[in-house]
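In: Sequence and computational prediction follow.
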Amino acid sequence: MQLLYDINRSIKAYPPITGKGIKSSQREEGSLEDLVLVDENDFSLQPRIKKLEDTQYGLVNDFTRFGVDYTKEPMIVERRPDGNLELISGFGRHSALTRMGVTKYFYEVVEFDSPYDKIVWKRKFNCGEDHRKKGTPNGLDTYKKGLVELKRTSSFNFRSDTACRLAIQEMADGTLSDEDVEVVLKRFRKSNTKEESVEGYTQADANKKAKELGYPTCGYVKDSSNPAWDRIGFVRHDGDFSSKIQDILKLYVEQNQTKVEIVGFIQNPIHDRIANQRKNYMKKFDATVKWMEEHLKEEFHNVVEFQGFLPQILTADPNQNGLSRERALVDKFGKHIK
């Protein structure tokens, strides 16, 4: 299907985007199919925490009945070093247009001054409504996700509450109340401690760390290039794995009674309490194992095997030339597991 549009009319109705940390290079048309929508791990680059299906049908209806609304912000893309165009804003429209069978459309090509600016602007673009009031504004978890992404940049001090509050308001373009800013910060701090002596993990970060250490993270590992190939395992922030028992038993049977490995981590670690936090984790783990032994057939009594905790203590070890005290999996006492 071909959708009629006029790029020059678009530019007159909605001038090129300018602002702190961003500059527009040109507005052009191109193939929707060629836009980059996922990262190297095949995760969506969509900045918002929402389902696109909720807005697709409204957008399809608007495009069909009214055509292009030139007064609304255009789709935004960034030209990557490899020459490909990455979609920054307009995921709902991209999905709706694709559903309609549209193959070519126009977008604004922009450049960012830094990774920090890119992450901020990806949220700022979505602060309002993106097309005939059918757009979905950011939810609070979208800003939390933004902080998680900012944490991975070298220029952002995620341990500073002041820096986090400033970043939240920048992403929200000043539209959030002080109360909402504190809600976002509290949610972020749940797995991203401001203590400099410990490392906090989101679930995604914990999975990545466990994979680096050679452990399975999300069930059975089919990829032969993965160090954990042909193994089964999960990474858990809660010692109570009862919600996973059904999945665990299914995988155990399917993979010829291969034991299921569990790697643990503390979601909100506190340096002076992490030993107790790990002990409480193991109490829940042991209680779940005991439940399995009491309620399941004997053949399923030794299905799971706890491998250890991810390294989270960052204080230097004087016996290891100043390296972090924890560098591999440790037991509940913080001792490295060989």
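Out: Noted; the coordinates are in hand.

In: can you list the domain ranges for the chain.
Out: 7-138, 203-320 (automatic domain parsing).

In: Flag the shaky bits of the stretch 101-250 of the chain, pLDDT-wise.
Out: 128-137 (pLDDT under 70).

In: Please repeat the previous calculation with a cut-off of 80.
Out: Within the stretch 101-250 of the chain, the set of residues satisfying pLDDT under 80 comprises 127-137.

In: quick one: the strands in it?
Out: With strands called from DSSP state E, counting those that start in this stretch, the stretch 101-250 of the chain shows them at 104-112, 218-220, 232-236.

In: Among these, which comes closest to P81?
Out: strand 104-112 (11.7 Å; Cβ to Cβ). C-beta: built from backbone N, CA, C; applies to glycine.

In: Now do the buried residues in the closest one.
Out: For strand 104-112, the neighbour count (16 or more other Cβ atoms under 10 Å) marks Y105, F106, Y107, E108, V109, V110, F112 as buried.

In: Can you add distance to E29 and give those residues back as JSON lines?
Out: Output for the buried residues of strand 104-112, formatted as JSON lines (distance: Cβ to Cβ, whole Å):
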{"residue": "Y105", "distance to E29": "7"}
{"residue": "F106", "distance to E29": "4"}
{"residue": "Y107", "distance to E29": "8"}
{"residue": "E108", "distance to E29": "11"}
{"residue": "V109", "distance to E29": "11"}
{"residue": "V110", "distance to E29": "16"}
{"residue": "F112", "distance to E29": "22"}
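
In: Determine which two of the residues you listed are furthest apart.
Out: Across these, no pair lies farther apart than Y105 and F112, at 21.9 Å, counting by Cβ to Cβ.

In: that older thread, format the domains of the chain as a markdown table; extra columns: distance to I337.
Out: Formatted as a markdown table, these follow (distance: least, Cβ to Cβ, whole Å):
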| stretch | distance to I337 |
| --- | --- |
| domain 7-138 | 27 |
| domain 203-320 | 4 |
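
In: for the ones you listed, which one sits closest to D178?
Out: D178 lies closest to domain 7-138 among the domains of the chain, at 16.8 Å (Cβ to Cβ).

In: ok, back up a step: pick the one among the buried residues of strand 104-112 closest to N8.
Out: Nearest to N8 among the buried residues of strand 104-112, with distances taken as Cβ to Cβ, is F106, at 10.3 Å.

In: need the contact list for that closest one.
Out: Y5, I7, S10, R27, E28, E29, G30, P74, M75 (Cβ atoms under 8 Å, 6 or more residues apart in numbering).

In: quick one: the closest residue to it other than its chain neighbours and Y14, what's the gap?
Out: Excluding the flanking residues, the one nearest F106 by Cβ to Cβ, 6 or more residues apart in numbering is E29, at 4.4 Å. Distance, E29 to Y14, using Cβ to Cβ, to the nearest Å: 15 Å.

In: So between the two, which is more surrounded?
Out: The neighbour comparison of E29 against Y14 (other Cβ atoms under 10 Å) goes to Y14, with 16 against 11.

In: Touching, the more buried one and I76? I think so.
Out: No - counting by Cβ atoms under 8 Å, Y14 does not reach I76; the two are 11.3 Å apart.

In: hang on, the earlier thing: go through the contacts of F106 and flag which are in helices.
Out: Counting by DSSP state H, these place I7, S10 in helices.

In: Could you tell me which of the contacts of F106 belong to strands?
Out: With DSSP state E as the criterion, strands contain R27, E28, E29, G30 from among these.
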